[in-house]
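K.L.:
Can you look at this prediction? I've put the sequence above it.
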There are 2 protein chains.
Amino acid sequence: MLARTPKTLDALLRGLPDGWTLAHEGGETWSPFDVIGHLIHGERTDWMPRVRHILAHGESSPFEPFDRFAQLKASEGRALTDLLYELASLRAANLQELRGLALTDADLERRGRHPALGTVTLRQLLATWVAHDLDHVVQVARVMANQYADEVGPWRAYLRVISGTQG
Amino acid sequence: MLARTPKTLDALLRGLPDGWTLAHEGGETWSPFDVIGHLIHGERTDWMPRVRHILAHGESSPFEPFDRFAQLKASEGRALTDLLYELASLRAANLQELRGLALTDADLERRGRHPALGTVTLRQLLATWVAHDLDHVVQVARVMANQYADEVGPWRAYLRVISGTQG
C-alpha cells in the first residue's frame, strides 16, 4: 500500500493546471499542492524517524512532535512536478530502509510514546502511515471534486462528495 | 481529468489482495471492486450515450435512467485486473469519441432532459462525469482507510477519514 501512494497521486495530479492543484476548500484548508508538501515532510521527519525511535528508545522518550504546517513554507515557489518526484523518491528510500529492518511480529509489538497520544505500538505506527496516505488521497480527490460544485448543476444532489453526504 | 481516473485507480488497486479490494463499509455498501464495475457500467450506458442523446434529441425525450446496481451482476466472478483493463479501454474509446465531436461553446449549452432532475446542459453533464469519477476515488480510498480503523490504535483520533470528521 505504501508504495502505491506516490503513483496514485502522480496519476491524479501531474501536469494539471494550477486551477486544479492550487484550489482548496476555503480559509486555511489545503490544496492538492499543500497535501503533497505535507506528505514529503512526513517522509522526512515523521514515519521512519519514529520507527527508528521506537527501536532505539522504546517508551523511554516521546517522539518529536510532527509539524503539520511545515510544508507551507518548505514548498513555497516549487513546482508540483518536483514535489511529486521528491515524494516518490523519499518514499522509495524509506520503504527500502523499512524492508531492510526485516521486522518480526515481536518487533511490531514494540512500544513507543507519542507526545500527545501516549503508548503506541510499532504495528499501529505502520498502519497509521497507510491510513494517513489514504486519508490524504481522499482529501485531494474531495477538494478537486468540490471545484465543480456549481458546474454540475442539478446533479449536485447525486454527488455525495459535493452534497456532503456519505453513501 | 477524465483520462486520469483509470490510471489513478489502477495505481491504487491493481494487484492488491482481495482483503483490500473486496472490503466494504458494511451492509449494502460498495467495495473498490464494486466501484470499478459501476464505473464500467457508466462508460457503457451513461456518459457518452447521454452526450449523444442531447445532441440528437435535446429536451424532447428524457435520458434512459442509469442503473446504479447493474455492476453487481455484471462483475460477478471477474478478476479486478480485468475490470481495471476494461475501464481503461472503454474510457479511452469514449474520450476519443468525445474529442471527435469537437464540441463548441454553443454545443455545451445544449439542453437535455434528465428523467428525475429535469433540464440539464451538456456542459453540466461533462462536469458531472469528472466530479463523479472523483467522488468514487474518494469512496475507494475511504473504504480502504476504514479497513484500518482498529489497526491504527490511538491515532484514530487524528485520521479524519476514520474518525468521520472533515478537516
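P.N.:
Thanks, I have the structure now.
K.L.:
Going by C-alpha atoms from here, please, whenever you check contacts or count neighbours.
P.N.:
Will do.
K.L.:
Which pLDDT value goes with the spatially closest residue to residue A:157 that is not a sequence neighbour?
P.N.:
Using CA to CA, 6 or more residues apart in numbering or on different chains and skipping the chain neighbours, the partner closest in space to residue A:157 is residue A:163 (6.1 Å). On pLDDT, residue A:163 comes in at 72.
K.L.:
Got phi/psi on residue A:45?
P.N.:
Residue A:45 adopts backbone torsions of phi -120, psi -10, taken as degrees, to the nearest 10.
K.L.:
what about it, neighbour count?
P.N.:
Residue A:45 sits with 14 neighbouring residues when counted by other CA atoms under 10 Å in any protein chain shown.
K.L.:
can you check residue A:132 too?
P.N.:
The burial count for residue A:132: 22, using other CA under 10 Å.
K.L.:
Give me the distance between it and chain B.
P.N.:
Distance, residue A:132 to chain B, by CA to the nearest CA, to the nearest Å: 7 Å.
K.L.:
Tell me if that residue really is in a helix.
P.N.:
Yes: with DSSP: H, G, I helix; E, B strand; the rest coil as the criterion, residue A:132 is located in a helix.
K.L.:
quick one on the thing from earlier: now for the residue nearest to residue A:157, how many residues are close by?
P.N.:
Residues contacting residue A:163 under the criterion other CA under 10 Å number 13.
K.L.:
Surely it touches residue A:154?
P.N.:
No: if you go by CA atoms under 8 Å, residue A:163 and residue A:154 don't touch, sitting 11.1 Å apart.
K.L.:
what residue ranges in chain A score low on pLDDT?
P.N.:
By pLDDT under 70, the low-scoring segments of chain A are A:165-167.
K.L.:
so where do the strands sit in it?
P.N.:
Remark: strands assigned in chain A by DSSP state E are A:111-114, A:118-121.
K.L.:
can you redo the ones you listed as CSV with distance to chain B and mean neighbour count?
P.N.:
Below are these laid out as CSV (distance: least, CA to the nearest CA, whole Å; neighbours: other CA atoms under 10 Å in any protein chain shown):
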stretch, distance to chain B, mean neighbour count
strand A:111-114, 9, 22
strand A:118-121, 7, 18
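K.L.:
and those strands as JSON lines, adding distance to residue B:65?
P.N.:
Putting those into JSON lines (distance: least, CA to CA, whole Å) gives the following:
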{"stretch": "strand A:111-114", "distance to residue B:65": "52"}
{"stretch": "strand A:118-121", "distance to residue B:65": "50"}
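K.L.:
Could you say which one of these comes nearest to residue B:87?
P.N.:
strand A:118-121 (39.8 Å; CA to CA).
K.L.:
quick one: strands adjacent to the closest one?
P.N.:
Strand A:118-121 has its sheet partners listed here by DSSP bridges as strand A:111-114 (antiparallel).
K.L.:
Now find how far off-centre the partner strand is within its chain.
P.N.:
Taking the mean of its C-alpha atoms, strand A:111-114 sits 20 Å from the chain's own mean (CA atoms, centre = their mean, to the nearest Å).
K.L.:
Equivalent analysis for stretch A:16-27, please.
P.N.:
The answer for stretch A:16-27 is 17 Å, by CA atoms, centre = their mean.
K.L.:
tell me how far the ends of it are from each other?
P.N.:
23 Å (CA to CA, to the nearest Å).
K.L.:
So what touches that stretch?
P.N.:
With CA atoms under 8 Å, 6 or more residues apart in numbering or on different chains as the test, stretch A:16-27 has contacts from A:13, A:30-34, A:143-144, A:146-147.
K.L.:
Quick check: residue A:135 touching residue B:140?
P.N.:
No: the criterion here is CA under 8 Å, and residue A:135 misses it with residue B:140 at 10.8 Å.
K.L.:
Neighbour count: the two, which is higher?
P.N.:
Remark: of residue A:135 and residue B:140, residue B:140 carries more neighbours, 28 against 22, as counted by other CA under 10 Å.
K.L.:
That one reaches residue B:31, doesn't it?
P.N.:
Yes: in this structure residue B:140 lies within contact range of residue B:31 using CA under 8 Å: 7.2 Å.
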